[in-house]
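J.: The sequence isn't on hand, but the structure is:
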Ligand SMILES: Cc1ncc(COP(=O)(O)O)c(C=O)c1O
């Protein structure tokens, strides 16, 4: 492994790290110690709020403030992110802006490596006129960019893809996709759940239309918030049918219909925001921000390169792209009995998971030391050798 970068890995801020080697950032990031005080602050605010002022003051603004913090990590401007209950609802909100029935522009371009929620929700649009074209992957690891670009045409309403796949950690090239979509009048949505907090995102520069994701994984925010980024100059032209009183221009007027959407990104909200979720995500966002996504990515590249070299030297099948520029922050290594191997690794205090047809998913994050990454791979080598005997 190339020499270690010197920076504060903030290990003391994550009590869970004392339990073993945590390589699960693609699934469940460890809780920051400061989250305990943040959740306590939520309780205290609730205890002391005795009127609707709670909404008018801290809680209402907090939703927008958390949206802006997430927006900064996505490379977007203030006012571009609305917090959502989860990524699936964020995608539903976007899909509810389209009318697939009344137009010849009814095609959705999707990818074969996307998270199941995305596929279920896109398919659910077909009874209301959408056609879903899924761009295949020959090796179940990556999809050639040219294939995605070729699928975009004048009938395309939306291109909806994982930025980084949960199955293989394959990363799509954003610029050519957005460029082709622009030329044909289509919009582009990326699921950045597996990339936000693990690598630099450039929402503004890419001119991408929508980003969706959530906080449980690389952002160390717990199973709390989803998010929806909408390109600022697109926001006002959209009227999500998945809506509610919080999306209204004057929610506290409790006005009779018709709905009058707010002019801000709040037009993509629905009902009462989950306030405890907002308190639980802040410490993780703060730490990711303080460490800096460029440092996180540089560390990730250095370690995942070494892990892949190690795997190849041992003759293992790597189910992630070899080229660092086509990869997110995880390394997938095929093993015959994924669940059994996860159990044996857990017994040795190495925490990873597995997915059917993929094998192990292993994700070093900023808080892991080089020694931990090396130890995890050596334990895996020992267990694979034992299984072969
Ligand atoms: C890439 C990706 N998208 C979406 C999801 C699910 O998001 P949610 O549960 O917030 O709908 C996951 C969760 O594992 C994921 O990895």
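T.: Ah, there it is. Quantities reported herein were computed from a predicted structural model and do not represent experimental measurements. Residues are numbered from 1 along each chain as shown.
J.: Pull up the pairing partners for the longest strand seen in the chain, direction included.
T.: Taking residue count as the measure and DSSP state E as the definition, the longest strand of the chain comes out as strand 156-162. Strands flanking strand 156-162 in the sheet, each with its direction: strand 107-111 (parallel), strand 187-191 (parallel) (DSSP bridges).
J.: So residue 238: helix, strand or coil?
T.: coil (DSSP: H, G, I helix; E, B strand; the rest coil).
J.: neighbours of it, just the number please.
T.: Counted with other C-beta atoms under 10 Å, the neighbours of residue 238 add up to 19. Heads up, the C-betas are built off the backbone N, CA and C, glycines and all.
J.: For the stretch 201-350 of the chain, just list every one of the helices.
T.: Counting by DSSP state H, counting those that start in this stretch, one finds helices in the stretch 201-350 of the chain at the ranges 203-206, 232-235, 275-291, 293-313, 338-347.
J.: Just put these in a markdown table and tack on mean neighbour count, distance to residue 128 and mean pLDDT.
T.: A markdown table is the format used below for those (neighbours: other C-beta atoms under 10 Å; distance: least, C-beta to C-beta, whole Å; pLDDT from 0 to 100):
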| stretch | mean neighbour count | distance to residue 128 | mean pLDDT |
| --- | --- | --- | --- |
| helix 203-206 | 19 | 28 | 98 |
| helix 232-235 | 15 | 22 | 98 |
| helix 275-291 | 20 | 30 | 96 |
| helix 293-313 | 19 | 38 | 97 |
| helix 338-347 | 16 | 37 | 98 |
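J.: Pull up the gap between residue 300 and residue 388, please.
T.: When distances are taken as C-beta to C-beta, to the nearest Å, residue 300 and residue 388 turn out to be 30 Å apart.
J.: Between the strands paired with strand 156-162, which one is closest to the ligand.
T.: The ligand lies closest, by C-beta to the nearest ligand atom, to one member of those: strand 187-191, at 4.7 Å.
J.: Contacts for that closest one next, please.
T.: Defining contact as C-beta atoms under 8 Å, 6 or more residues apart in numbering, one finds that strand 187-191 is touched by 87, 91, 94, 114-115, 118, 157-163, 172, 174, 177-178, 181, 208-213, 234.
J.: Just give me the neighbour total for residue 123.
T.: By other C-beta under 10 Å, 14 other residues sit near residue 123.
J.: Report the entries of the contacts of strand 187-191 that also contact the ligand.
T.: The subset of these within reach of the ligand, by C-beta under 6 Å from any ligand atom, is 87, 115, 162.
J.: for the ligand, what are the nearby residues on this protein?
T.: Where the chain comes near the ligand, counting by C-beta under 6 Å from any ligand atom, the residues are 86-88, 115, 117, 162, 166, 191, 193-194, 214, 226.
J.: and with 5 Å instead?
T.: For the chain, the residues found near the ligand under the criterion C-beta under 5 Å from any ligand atom are 86-88, 115, 117, 166, 191, 193-194, 214, 226.
J.: Can you lay out the residues you listed as CSV showing neighbour count?
T.: Converted to CSV, the residues of the chain next to the ligand look like this (neighbours: other C-beta atoms under 10 Å):
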residue, neighbour count
86, 22
87, 24
88, 18
115, 17
117, 18
166, 24
191, 27
193, 29
194, 28
214, 28
226, 24
